[in-house]
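*Asks:* got a sequence here, can you model it:
(chains A and B)
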There are 2 protein chains.
Amino acid sequence: MDIHCPLPLGNHETVQLAHGAGGRLSDELFSQVFLPLLQNNFLAQKDDQARLPAFTGQLAFTTDSYVVTPLFFPGGDIGSLSVHGTVNDLVVGGAIPRYLSAGFVLEEGFPIVELERVVRSMAGAARECGVEVVTGDTKVVGRGQCDGMFITTSGIGQVRAGVDVSSSNLRPGDRIIVSGTLGDHGIALLAARHGLSFAGPPLVSDSAPLHRLAAAVLDSCCGVHAMRDATRGGLSAVLNELASSSGVGIVLHENTVPVDDAVRGAAELLGIDPLEAANEGKMVVVVPAGDADRVLEAMQACPDGTGRHAALIGEVVNEHSGMVVMETGFGSRRIVEMPLGEQLPRIC
Amino acid sequence: MDIHCPLPLGNHETVQLAHGAGGRLSDELFSQVFLPLLQNNFLAQKDDQARLPAFTGQLAFTTDSYVVTPLFFPGGDIGSLSVHGTVNDLVVGGAIPRYLSAGFVLEEGFPIVELERVVRSMAGAARECGVEVVTGDTKVVGRGQCDGMFITTSGIGQVRAGVDVSSSNLRPGDRIIVSGTLGDHGIALLAARHGLSFAGPPLVSDSAPLHRLAAAVLDSCCGVHAMRDATRGGLSAVLNELASSSGVGIVLHENTVPVDDAVRGAAELLGIDPLEAANEGKMVVVVPAGDADRVLEAMQACPDGTGRHAALIGEVVNEHSGMVVMETGFGSRRIVEMPLGEQLPRIC
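*Replies:* Numbers count the residues shown, from 1 in each chain, chains lettered A, B, ... in the order given. From the prediction side, this is the model:
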């Protein structure tokens, strides 16, 4: 899309308190930035709510606030991230994402041109995912009262008929598949934030939507037990939650867990475990043993490449209920603990 | 509800960065504060999305970010406000509110006991409105990176069959009804923030849910043209938006517009127009002339009292399209302009 905001907005090149106050300047910001970039018939109604066509079947509903810093990072920005993250929370529930809302909290003085860049990125990500941002809100707080911009996106999806995935569905014997290399987002952000550079290609976030990958999984297997995206807390947090919710144990095989070499190197240098670092385009899938090969192949063949490095990394066991155990390359075992917290704040 | 969080949470009496990081402390905050206070079966699933029963008919979907300061104000707090505001955005679309999501952005160091107080207030408001907070998210940012707490609530409602209210539905001859006294929220907040006190009863916000009042309106008249809640920008902003969206003029009769005496006095002292000040429990209803008396009576009789001071304040005209004109008590006319912005920031 090549629509440009006729800058400066009104007479303002930066966000003013009145842009969030419901009057004429709010209306200008909506009409000159949000509506042209996110254009759709629901938003164009300018009502306090979007009224959407009836759905058949279950609804999925999710929300996430995004406070990532920096706002623009290698491989993405807060705009596309706020779409990918919320879309991914819908698709791992077995839903087809349909509609998003977006609530912006902006700091007074934030450059309009950067806001436009974020909204344009959000619009592009939404188009790629086949969703529309149908309703929104903007508040402005004074200088020093927020750090640039926070975005909260909520999403509504339509749960695919016959799909019943849940964190509490794991059964002993199930296989654990991960869709690709782990820790890319967290390590890339940490490196960017501290201005670290390493030999080889630059570290970039894996921020990506997983709607096609989830469809590939569900199309290949009608008995998927669980899907989760491994965001904050990384693979370690997700597997611990799955083990705890289902009352089962999980065993991982260290040499099968995919970690990019550059990410591993940077993580070692930074003292971070890549399995605890955030991902923004990776999912964990749990399926009955007999379906594992078929699902793995379907993921690896997904045309958008999001499952290119998918790997079978472990299985569900009857022993050590609620606990995740890693079998190392040397034949020893160690416990993969629930992280206390992400090693760095404002990762998403 | 008399559930108390076993304080201090973990060993923390204040919010830590790790409480927003997706690991063990996030889980503690969820399990010890959010889940017990907002308890429902959807939230208890602890999945990344709530999966909700199928709906019949159109969906209404809305979102609002709340950045009000102070967090606790006369007549309400950010917790109940974040429910009332989002519920009201659904009901003025002709919808029955069903489900809410809540995204919290918390500042490191925020007292857990105050967070608990906010979430308890949110839970009480949700119960009163017959909605459940079915999914949520918490992010924590560093000290000085947000001002205490911001909340973004999104809502899903079920549009009542046969209802078609919209800002663009106004027709010449229609009557304008307002549900009660104007400017209470904005003036009460300004007074509280500046420590002003006046003779007589204290000024309090009108923060209230309007689901029963909207039902009373729609039950009494099957041809309601528009409903809007008059939040930021007050009555002036809403009427200007209605006139502009519908391409009609609006005439108000000043002596019929309800403003509380204490609010009027404080507003004069503060140099604020009460018609431009925010309301958080007032709606504007536009109906065909023949239905006006019946709707007005139904509003005044609404058992929760939210329409007690409802008044017929004006009509839609063919002249001065897009413009709102006030006939004063002295027989003169003045233009009611779209406010440039709310006279004070962070009102909601």
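*Asks:* quick check: closest non-adjacent residue to A:Gly173.
*Replies:* Leaving aside its chain neighbours, A:Gly173 sits nearest to A:Ala289 (5.2 Å; criterion: CB to CB, 6 or more residues apart in numbering or on different chains). C-betas here are computed from N, CA, C, even on glycine.
*Asks:* how about the contacts made by the one you found?
*Replies:* For A:Ala289, the contacting residues are A:Gly173, A:Asp174, A:Arg175, A:Glu315, by CB atoms under 8 Å, 6 or more residues apart in numbering or on different chains.
*Asks:* how does it look with 10 Å?
*Replies:* A:Arg171, A:Pro172, A:Gly173, A:Asp174, A:Arg175, A:Glu315, A:Val316 (CB atoms under 10 Å, 6 or more residues apart in numbering or on different chains).
*Asks:* ok, A:Leu312 next?
*Replies:* A:Arg175, A:Ile176, A:Ile177, A:Val178, A:His253, A:Thr256, A:Val285, A:Val287, A:Ala292, A:Asp293, A:Val295, A:Leu296.
*Asks:* give the partner strands of the host helix or strand of it in its sheet and their orientations.
*Replies:* Assigned by DSSP states H and E, A:Leu312 belongs to strand A:311-317. When pairs are called by DSSP bridges, strand A:311-317 turns out to pair with strand A:175-178 (antiparallel), strand A:249-253 (antiparallel).
*Asks:* only alpha carbons, please: show it as CSV.
*Replies:* Extracted C-alpha coordinates of strand A:311-317, given in CSV (Å, rounded to 0.1, in the frame of the first residue of the first chain):
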residue,chain,number,x,y,z
ALA,A,311,12.2,-31.4,14.6
LEU,A,312,11.0,-34.3,16.8
ILE,A,313,12.6,-33.4,20.2
GLY,A,314,11.0,-35.7,22.8
GLU,A,315,8.1,-37.6,24.2
VAL,A,316,5.6,-37.7,27.0
VAL,A,317,6.2,-40.2,29.8
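*Asks:* where in the stretch 201-348 of chain A is pLDDT low?
*Replies:* A:342-343 (pLDDT under 70).
*Asks:* same thing but 80
*Replies:* Counting by pLDDT under 80, the stretch 201-348 of chain A shows low-confidence ranges at A:341-344.
*Asks:* quick one, helices of it?
*Replies:* A:211-220, A:234-246, A:261-270, A:292-300 (DSSP state H, counting those that start in this stretch).
*Asks:* could I get those helices as JSON lines with mean neighbour count and distance to chain B?
*Replies:* Formatted as JSON lines, these follow (neighbours: other CB atoms under 10 Å in any protein chain shown; distance: least, CB to the nearest CB, whole Å):
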{"stretch": "helix A:211-220", "mean neighbour count": "22", "distance to chain B": "12"}
{"stretch": "helix A:234-246", "mean neighbour count": "24", "distance to chain B": "5"}
{"stretch": "helix A:261-270", "mean neighbour count": "17", "distance to chain B": "16"}
{"stretch": "helix A:292-300", "mean neighbour count": "18", "distance to chain B": "19"}
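*Asks:* out of the strands paired with strand A:311-317, nearest to A:Gly142?
*Replies:* Taking CB to CB, strand A:175-178 is the member of the strands paired with strand A:311-317 nearest to A:Gly142, at 43.6 Å.
*Asks:* C-alpha coordinates for that closest one, CSV please?
*Replies:* Taking Å, rounded to 0.1, in the frame of the first residue of the first chain, the C-alpha atoms of strand A:175-178 are listed here in CSV:
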residue,chain,number,x,y,z
ARG,A,175,5.6,-37.1,20.7
ILE,A,176,6.9,-33.5,21.1
ILE,A,177,7.7,-31.6,17.9
VAL,A,178,9.1,-28.0,17.7
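*Asks:* next SSE downstream of that strand?
*Replies:* Following strand A:175-178 toward the C-terminus (DSSP H and E): helix A:184-193.
*Asks:* got the buried residues for that following helix?
*Replies:* Neighbour-count burial for helix A:184-193 flags A:Asp184, A:His185, A:Gly186, A:Ile187, A:Ala188, A:Leu189, A:Leu190, A:Ala191, A:Ala192 (criterion: 16 or more other CB atoms under 10 Å in any protein chain shown).
*Asks:* sorry, back to before: of the strands paired with strand A:311-317, flag the one that's most buried.
*Replies:* strand A:175-178 (a mean of 25; mean count of other CB atoms under 10 Å in any protein chain shown).
*Asks:* what about that strand, distance to the chain center?
*Replies:* Distance, stretch centre to chain centre, for strand A:175-178: 19 Å (CA atoms, centre = their mean, to the nearest Å).
*Asks:* let me see the mean pLDDT of that strand.
*Replies:* Per-residue pLDDT over strand A:175-178 has a mean of 98.
*Asks:* the helices in the stretch 1-150 of chain A, which residues?
*Replies:* Using DSSP H, counting those that start in this stretch, helices in the stretch 1-150 of chain A cover A:24-29, A:35-38, A:41-44, A:78-91, A:112-129.
*Asks:* returning to what we had before: show me which pair in the contacts of A:Leu312 is furthest apart.
*Replies:* A:His253 and A:Val295 (17.4 Å).
*Asks:* domains of chain A?
*Replies:* Here the domain parsing of chain A from automatic domain parsing is A:17-159, A:175-335.
*Asks:* mind putting the ones you listed in TSV, distance to B:Phe61 included?
*Replies:* Output for the domains of chain A, formatted as TSV (distance: least, CB to CB, whole Å):
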stretch	distance to B:Phe61
domain A:17-159	5
domain A:175-335	19
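*Asks:* buried deepest among those domains, which one?
*Replies:* domain A:17-159 (a mean of 23).
*Asks:* distance between the ends of that domain?
*Replies:* 40 Å (CA to CA, to the nearest Å).
*Asks:* what residues are bridge-paired with A:Ala314?
*Replies:* Small correction: residue A:314 is Gly, not Ala. Assigned bridge partners for A:Gly314, using DSSP bridges, are A:Ile176, A:Leu252.
*Asks:* cool, A:Asp64 as well?
*Replies:* Residues in beta-bridge contact with A:Asp64 (DSSP bridges): A:Thr153.
*Asks:* could you give the mean pLDDT of stretch A:117-125?
*Replies:* 98.
*Asks:* about what we covered before: which one among the buried residues of helix A:184-193 gets closest to chain B?
*Replies:* A:Gly186 (10.5 Å; CB to the nearest CB).
*Asks:* spit out the contact partners of the residue lying closest to the closest one once chain neighbours are set aside.
*Replies:* Setting aside the residues directly before and after it, A:Gly186 is nearest to A:Ala277 in space (CB to CB, 6+ apart), at 3.0 Å. Applying CB under 10 Å, 6+ apart to A:Ala277 gives the contacts A:182-190, A:230, A:232-236, A:259, A:263, A:266-267, A:270, A:339, A:342-344, A:347.
*Asks:* measure A:Ala277 to A:Arg264 for me?
*Replies:* 11 Å (CB to CB, to the nearest Å).
*Asks:* and if you look at A:Ala310?
*Replies:* Taken as CB to CB, the span from A:Ala310 to A:Arg264 is 18 Å.
*Asks:* show me the shaky parts of the stretch 1-150 of chain A.
*Replies:* Ranges of the stretch 1-150 of chain A meeting pLDDT under 80: A:1-11.
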